[in-house]
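**Q** I would like to see how this sequence folds:
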Amino acid sequence: MSPREPRPRTVVVDGRTFERVPVRTRVLLPGDDIASAIREHAGDELRPGDTVLLSESAVAIMQGRARDWRTIHPGRLARFLSSRVIRTSWGTGLRSPYAMQYAIELTGTWRILAAGTAHVAGRLLGRKGWFYLVAGLNARMMDAEHTMGVAEFHECCIPAPADPAGTVRAVKVALGGAVDVAIADINDIAPAWVVASTLPKDRARLLARSFDDNPLGQTDEKTPLGIWREVAPA
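**A** Predicted coordinates:
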């Protein structure tokens, strides 16, 4: 992917103005403590009432869940299912047999088979997305090998973070409780999606809409953290 123009620092949602502050970091690695990484790179910028936004891939990487595709050995089921994933313009995902195999290992064979059955039933009824609804986050959020913009993880399949809701709660406590924490899936194609946060639901929706234009970037900007704050209420 080629670099793109930076997004405006502020955005207006429902008549309210929010500031989005991309936070550049070193390459975050497996075993890094999430709260420590936030303090290291965003500590000087944080104010009480802010929300720290974390890329879902960065959290999964720090949790040690990124896996080199060369260590994954797709079985018959993974090859069969991946060959039937519809080709789209927004990424490889489970069309990779390696990503599909990793999803099967994390999710369980029987749940994946149930998801496949749900997919067939959904298509008969004219509905989409039932496979991912049943299979869960590790299938829905799986990034295939050779799709990560950070070179150190270009060879990796990266699933969803483990226990997103528990993770954001623990990180908020570790940061002293003065700021909220959110994990989000943000890209240049689909609307932003808050996977988990310590915010009330209505405010989490505002956060997601504030990041629909992906101000954190999509390539090698190395800005897996962001700060979100309201600067002018309606």
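**Q** How about Trp193, nearest residue that isn't a chain neighbour?
**A** In space, and not counting its chain neighbours, Trp193 is closest to Asp185: 4.6 Å by C-beta to C-beta, 6 or more residues apart in numbering. Bear in mind the C-beta positions are built from the backbone N, C-alpha and C, glycine included.
**Q** Can you report phi and psi for that neighbour?
**A** phi -100, psi 110 (degrees, to the nearest 10).
**Q** same question, Gly93
**A** Main-chain torsions, Gly93, degrees, to the nearest 10: phi 60, psi -130.
**Q** mind listing what it touches?
**A** Counting by C-beta atoms under 8 Å, 6 or more residues apart in numbering, Gly93 touches 85, 99, 142-144.
**Q** at 7 Å what do you get?
**A** Taking C-beta atoms under 7 Å, 6 or more residues apart in numbering, we find Gly93 in contact with 85, 99, 142, 144.
**Q** rewinding a little: next, work out how far apart the residue nearest to Trp193 and Ala99 are.
**A** Per C-beta to C-beta, to the nearest Å, Asp185 is found 16 Å from Ala99.
**Q** Those two: who's more crowded?
**A** Neighbours were counted for Asp185 and for Ala99 using other C-beta atoms under 10 Å; Ala99 has more, 28 against 20.
**Q** Which residue comes closest to the more buried one once chain neighbours are left out?
**A** Closest to Ala99 by C-beta to C-beta, 6+ apart is Ala144, at 4.2 Å.
**Q** Output the contacting helices and strands for whichever helix in the chain runs longest.
**A** Taking DSSP state H as the criterion, the chain has its longest helix at helix 109-124. Applying 3 or more C-beta pairs under 7 Å, 6 or more residues apart in numbering; DSSP states H and E, we find helix 109-124 packed against helix 130-135.
**Q** Please name every helix or strand in contact with the helix it packs on.
**A** helix 109-124.
**Q** Now the helix it packs on: average pLDDT?
**A** The average pLDDT within helix 109-124 is 95.
**Q** all strands for the protein, in order.
**A** Ranges of strands in the chain, per DSSP state E, are 10-13, 16-23, 51-55, 67-68, 156-157, 180-185, 193-197, 225-232.
**Q** on that earlier part again, just curious, which of the contacts of Gly93 is nearest to Thr51?
**A** Met142 (26.0 Å; C-beta to C-beta).
**Q** Next one: the closest one, what pLDDT does it get?
**A** 95.
**Q** how many other residues sit next to it?
**A** So Met142, with other C-beta under 10 Å, has 26 neighbours.
**Q** Tell me how far it lies from Val27.
**A** 21 Å.
**Q** Low-confidence stretches in this structure?
**A** For the chain, the stretches with pLDDT under 70 are 1-5, 88-90, 218-220, 234.
**Q** Excluding chain neighbours, what is closest to the residue minimising distance to the centre of it?
**A** Residue closest to the mean C-alpha point of the chain, counted by C-alpha atoms, centre = their mean, is Glu56 at 2.9 Å. Distances taken as C-beta to C-beta, 6+ apart place Asp185 nearest to Glu56, at 5.0 Å, with adjacent residues excluded.
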